[in-house]
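Participant: just to be clear, the model below is a prediction. Sequence and coordinates:
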Protein chains: 2
Amino acid sequence: MKDVDDLNLPTFDDVIAAHDRIAPYIHRTPILTSEYLNGLTGADLFFKCENFQKAGAFKARGASNAVFGLSDEQAAKGVATHSSGNHGLSLSYAAGRRGIPVTVVTPRTAPQAKKDAMIGYGARVVECEPSTSSREAVFAEVVAETGADFVHPYNDPRVIAGQATCSREMMEQVEGLDAVIAPIGGGGMISGTCLTLSAIAPNVEIYAAEPEQADDAYRSFKAGHIIADDAPVTVADGLKVPLKERTWHFVSNHVTDILLASEQEIIDAMLLTWQRMKIVIEPSCAVPLATILKNREVFEGKRVGVVITGGNVDMASLPWMKN
Amino acid sequence: MKDVDDLNLPTFDDVIAAHDRIAPYIHRTPILTSEYLNGLTGADLFFKCENFQKAGAFKARGASNAVFGLSDEQAAKGVATHSSGNHGLSLSYAAGRRGIPVTVVTPRTAPQAKKDAMIGYGARVVECEPSTSSREAVFAEVVAETGADFVHPYNDPRVIAGQATCSREMMEQVEGLDAVIAPIGGGGMISGTCLTLSAIAPNVEIYAAEPEQADDAYRSFKAGHIIADDAPVTVADGLKVPLKERTWHFVSNHVTDILLASEQEIIDAMLLTWQRMKIVIEPSCAVPLATILKNREVFEGKRVGVVITGGNVDMASLPWMKN
């Protein structure tokens, strides 16, 4: 573990700068509420709808902050990342808006629709085998060849500062929140939430919600050090990646608790949200509601901000149809 | 055809009164926009999201206006209707809010989920055979037995005045609209739109969108008199019913044109809306977007209000999965 001083952690000043920088390229997404879900949970829930965000996910915030913070010289060489999901899509979106090269290394097994969407934003998609060793080898080649700047999906101070703008908006949009809850995978959104709330609302509780079948953050939190799993299997496919040293710093210092939900509870909460709120959300964003329904005593009577992280769903394959 | 004076048509004063009456029981639904769909159509589209309305559809407006306009004496005897869909659900919702009896006559073949939802709002559901003769016989029994007030799904002045509050809100929410488009079945939403716009914005064009396979309103409009089909078959199951004399009055006097879309065009537009706007909409509400995509020359360069009429969808059976 590196010393904190070596981590180059973002500060709340970086969040303010990020917000100014990305404002022209992102949506200030709305807050939705549901009397039905409030009745069901006994809490007042405020859903921050990043499923309506550019590129369909909160990751457009961090990616835009990284891309638009580059010097012209670095920008000319472009950016690169490895991702089969929303970060690759968001980085492609942001680079497309700036008009600079972007390469995304993606497993050849990733959905073609995601690759097509990246290409639609102007990305070059380079396929690798679905293994860590292949991904790292292919990615190293890309960087050596292009000189592109590596924008990590979450363990990057620019990305964390960008994601932190989401909870900053939420605090402006909703008065008197007692708690905020978001899903946790690599920890980018939760770290941004910790960064913002520790600066401007340190009494607001921060909960992270995680699938039981990918509970490495939960076990890390209880053990006091990072535990990474090799290949967890969960319907919440945005939440399979492990914490890294920067996100671990925020999680270990500022998170109130990490709560777990089973696969069936996640699918039920996803379906409930589609049916009752009439919004399209990914399985990953259903994990917070699943844990709120399961831990009524934690949230009852509280005003709770719930981050809906994204809405990029394969409409031909919905999880409740697989049972 | 009755004389116009016999139709007891609602006026814009009735719309203002309806809006005051129902305000505590309905949502002032938001307007959403999509840069992607604007780019695709060449128009500026403003989606009025009645899928977020109480009971999941605009019909909560008309039903609430009918229910909360009743005298205490009539209210004590309750209300009744025949509907397998959103009107039955909305009338159940409104009656539940006022705490009065409500009976809905529904074909025994209607989805159990819809019946359960009505019962959840406090309705008594009475089943009939899926034929007009059975429905009329069973409904007559219900009214004779209870003395309930019949709230027709659309051919009722109180219902039309209630639906008219939707376009009144839209005109307050969006400046400078050139046109409004909504789906047409029995014509309740379109009649309300005609009522409001003819009073406060007579230069705004009014388009009705209809499935090719249930094009009775289109053929009525071209023929100059009501043509009713017996049992049209379309994925847009909210749009199978025919015009009646009150809605025909508004359609024949104020609609600019009626545009048609095929089943596949409707399904494609529905899927496109779910994927790009991340909202859950019914097949019926995809018909306007389908006709806008098909008739680019009609809408290009215009500011167009698009009524998203409802979001009550059977999530276990989505039309693009049936191909």
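Facilitator: Yep, that arrived. Numbers count the residues shown, from 1 in each chain, chains lettered A, B, ... in the order given.
Participant: pLDDT score for the residue lying closest to A:N51 once chain neighbours are set aside?
Facilitator: Leaving aside its chain neighbours, A:N51 sits nearest to A:G311 (3.0 Å; criterion: Cβ to Cβ, 6 or more residues apart in numbering or on different chains). Heads up, the C-betas are built off the backbone N, CA and C, glycines and all. A:G311 carries a pLDDT value of 96.
Participant: do the same with A:A208
Facilitator: 98.
Participant: before we move on, what about the one 4 residues further on?
Facilitator: Looking at A:E212, its pLDDT reads 97.
Participant: go on, A:D314?
Facilitator: 89.
Participant: residue closest to the middle of chain A?
Facilitator: With distances taken as Cα atoms, centre = their mean, the residue of chain A nearest its centroid is A:M189 (4.7 Å).
Participant: that one touches A:T165, doesn't it?
Facilitator: No - with contact defined as Cβ atoms under 8 Å, A:M189 does not count as touching A:T165 (11.0 Å).
Participant: from the chain's centroid, how far away is stretch A:206-221?
Facilitator: 14 Å (Cα atoms, centre = their mean, to the nearest Å).
Participant: need the CA coordinates for it. PDB is fine.
Facilitator: What follows is stretch A:206-221 as a C-alpha-only set of coordinates in PDB (Å, rounded to 0.1, in the frame of the first residue of the first chain):
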ATOM      1  CA  ILE A 206     -22.800   7.100   3.000                       C
ATOM      2  CA  TYR A 207     -23.900   3.600   2.200                       C
ATOM      3  CA  ALA A 208     -22.500   1.400  -0.500                       C
ATOM      4  CA  ALA A 209     -24.600  -1.400  -2.000                       C
ATOM      5  CA  GLU A 210     -23.000  -4.600  -3.500                       C
ATOM      6  CA  PRO A 211     -24.100  -7.900  -4.900                       C
ATOM      7  CA  GLU A 212     -23.600 -10.800  -2.500                       C
ATOM      8  CA  GLN A 213     -22.000 -12.700  -5.400                       C
ATOM      9  CA  ALA A 214     -19.400  -9.900  -5.900                       C
ATOM     10  CA  ASP A 215     -18.900  -8.900  -2.300                       C
ATOM     11  CA  ASP A 216     -15.100  -8.100  -2.400                       C
ATOM     12  CA  ALA A 217     -15.700  -4.500  -1.200                       C
ATOM     13  CA  TYR A 218     -17.800  -5.700   1.700                       C
ATOM     14  CA  ARG A 219     -15.100  -8.200   2.700                       C
ATOM     15  CA  SER A 220     -12.400  -5.600   2.200                       C
ATOM     16  CA  PHE A 221     -14.300  -3.100   4.400                       C
END
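Participant: what comes up buried for that stretch?
Facilitator: By 16 or more other Cβ atoms under 10 Å in any protein chain shown, the buried positions in stretch A:206-221 come out as A:206-211, A:213-218, A:220-221.
Participant: what's the answer for stretch A:189-197, then?
Facilitator: So for stretch A:189-197, counting by 16+ other Cβ under 10 Å, buried means A:189-197.
Participant: now stretch A:128-147
Facilitator: Neighbour-count burial for stretch A:128-147 [16+ other Cβ under 10 Å]: A:128, A:135, A:138-139, A:142, A:146.
Participant: among the residues you listed, which one lies nearest to B:Y121?
Facilitator: A:R135 (52.4 Å; Cβ to Cβ).
Participant: quick one, what contacts the residue nearest to that closest one when sequence neighbours are not counted?
Facilitator: Nearest residue to A:R135, sequence neighbours excluded (Cβ to Cβ, 6+ apart): A:C128, at 4.8 Å. Counting by Cβ atoms under 8 Å, 6 or more residues apart in numbering or on different chains, A:C128 touches A:82, A:105-108, A:134-135, A:137-139.
Participant: got the residues you listed as CSV, with distance to B:K59, secondary structure and pLDDT columns?
Facilitator: CSV is the format used below for the contacts of A:C128 (distance: Cβ to Cβ, whole Å; DSSP: H, G, I helix; E, B strand; the rest coil; pLDDT from 0 to 100):
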residue, distance to B:K59, secondary structure, pLDDT
A:H82, 49, strand, 93
A:V105, 50, strand, 96
A:T106, 45, strand, 94
A:P107, 47, strand, 90
A:R108, 49, coil, 91
A:S134, 55, helix, 91
A:R135, 52, helix, 89
A:A137, 59, helix, 94
A:V138, 55, helix, 95
A:F139, 54, helix, 95
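Participant: which of the residues you listed lies closest to A:M171?
Facilitator: A:H82 (32.5 Å).
Participant: neighbours of that closest one, how many?
Facilitator: Close neighbours of A:H82, defined as other Cβ atoms under 10 Å in any protein chain shown, add up to 22.
Participant: OK, contacts around it?
Facilitator: Counted by Cβ under 8 Å, 6+ apart, A:H82 has contacts A:88, A:104-106, A:128, A:135, A:139, A:153.
Participant: cutoff 6 Å now
Facilitator: Applying Cβ atoms under 6 Å, 6 or more residues apart in numbering or on different chains to A:H82 gives the contacts A:105, A:135, A:139.
Participant: ignoring the adjacent residues along the chain, who's closest to the first one?
Facilitator: When you say that, I think you mean A:V105. A:H82 (4.2 Å).
Participant: from A:F139, how far off is the one you found?
Facilitator: 5 Å (Cβ to Cβ, to the nearest Å).
Participant: spit out the residues that contact the two alike.
Facilitator: Shared contacts of A:H82 and A:F139, counting by Cβ under 6 Å, 6+ apart, come down to A:V105.
Participant: looking at the buried residues of stretch A:189-197, which is nearest B:E300?
Facilitator: Once Cβ to Cβ is applied, the member of the buried residues of stretch A:189-197 that ends up nearest B:E300 is A:M189, at 39.5 Å.
Participant: quick check: residues of chain A near chain B?
Facilitator: A:51-52, A:274, A:278-280, A:311 (Cβ under 6 Å from any Cβ of the partner chain).
Participant: in the stretch 51-200 of chain A, which residue sits nearest chain B?
Facilitator: At 4.5 Å from chain B, A:N51 is the closest residue in the stretch 51-200 of chain A, using Cβ to the nearest Cβ.
Participant: need the contact list for that residue.
Facilitator: A:281, A:308, A:310-311, B:278.
Participant: quick check, it in a helix?
Facilitator: Yes - assessed by DSSP: H, G, I helix; E, B strand; the rest coil, A:N51 belongs to a helix.
Participant: just how off-centre is the longest helix anywhere in chain A within its chain?
Facilitator: Longest helix of chain A, by residue count under DSSP state H: helix A:157-173. Distance of helix A:157-173 from its chain centroid, counting by Cα atoms, centre = their mean, is 11 Å.
Participant: pull out the buried residues from that helix.
Facilitator: Buried-residue list, helix A:157-173, by 16+ other Cβ under 10 Å: A:157-171.
Participant: so which of these is the closest to A:N65?
Facilitator: Closest to A:N65, out of all of the buried residues of helix A:157-173 and judged by Cβ to Cβ, is A:G162, at 3.3 Å.
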